[in-house]
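>>> Got a predicted structure here, sequence first:
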Amino acid sequence: MSFRLASLLRRALSAALAVVSIAATPVFAAATAGSLVQPQHITVDPGLPKQQRDAQILAARRYDTFWSTGDEALARAALAPDFTDRTLPPGRAQGIEGPLAASKFVRGAVPDLQADIEQMVVAGDRVVVHLRFHGHFTGQFKGVQGQGQTVDFIATDIYRVANGRIADNWHLEDNLTFLQQLGVVAK
C-alpha cells in the first residue's frame, strides 16, 4: 500500500470515528437534562473545535425543541438578539418575535405539534437540520376547524451560529403538504 493511500485511509477513518464518537458525547444526552430533541442522525466536520461544535449543536437543538414544544424560553436561548430570518414569509415580523408568533399560529391549529430532527449536519459556522413535524389538526386554521386529521410534513433549515446562538436562518417548509392535510388546499 502506498504512503499516500495509507494516509488517505487514516484520515477517512479518523473522520468517521470523529462522527461516531460525537454521537456518544454527553452534549446529546445531557444538555439541559436530556429534554432537548435528539438528532436521529448527525454528521459533524471533524475539524471543528469541540467547544464550537457543542455550542452550535446546543443552539440548534434548543431551537428545534422550541418548534416541538412551543416553549418560548428555548427560542430566546437559541436565537441571537439580532436574529435574522433570511427567508421571511410575508406578514411575519423580523427577529425573534417572528418565530414566536409563527409557533403560536401553527399551534392554534395543531396543539400537539412535535418536531423530530431526522438529520443534522454541522460544518463551519452552519448547522443544517432536516425536520419532520407531526401532530393532529384539532384546532382552527384560517376559519377551518380541525377534525383530528394527522399532520405530517418536513422542513429544512440552515442556521448560521455565532457566539453559541443562531444569528441567521434560511428555511423551507413543505407548506403545500401541511395545507392539504388541514383540508385548506385541495390535493
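Structure received.

>>> center of the protein - which residue?
For the chain, residue 64 is the residue whose C-alpha lies nearest the centre (Cα atoms, centre = their mean; 4.1 Å).

>>> Which of the helices or strands spans that residue?
Under the criterion of DSSP states H and E, residue 64 resides in helix 50-69.

>>> which residues does residue 59 contact?
78, 127, 159, 161, 164, 165, 166 (Cβ atoms under 8 Å, 6 or more residues apart in numbering). C-beta: built from backbone N, CA, C; applies to glycine.

>>> quick one, phi/psi of residue 40?
Torsion angles at residue 40 (phi, psi; degrees, to the nearest 10) stand at phi -80, psi -30.

>>> and the gap between it and residue 65?
As judged by Cβ to Cβ, to the nearest Å, residue 40 and residue 65 stand 14 Å apart.

>>> With neighbour numbers in mind, choose between the two.
Set residue 40 next to residue 65 and count neighbours by other Cβ atoms under 10 Å: residue 65 wins out with 24 against 12.

>>> which residues are in contact with the lengthiest strand in the chain?
Assignment by DSSP state E gives strand 149-162 as the longest strand of the chain. Residues from elsewhere that reach strand 149-162 (Cβ under 8 Å, 6+ apart): 55-56, 59-60, 63, 80, 110, 113, 118, 125-137, 166-175, 177-178, 181-183.

>>> Go through these and flag which are in strands.
Filtering the contacts of strand 149-162 for strands - DSSP E - leaves 80, 118, 126-137, 166-173.

>>> So among those residues, which ones count as buried?
80, 126-133, 135-137, 166-169, 171, 173 (16 or more other Cβ atoms under 10 Å).

>>> pLDDT weak spots in the protein?
Along the chain, segments meeting pLDDT under 70 span 1-33.

>>> got the end-to-end distance for stretch 104-117?
20 Å (Cα to Cα, to the nearest Å).

>>> Next, the buried residues of it.
Buried-residue list, stretch 104-117, by 16+ other Cβ under 10 Å: 106, 107, 109, 110, 113, 115, 116, 117.

>>> Sounds good, over and out.
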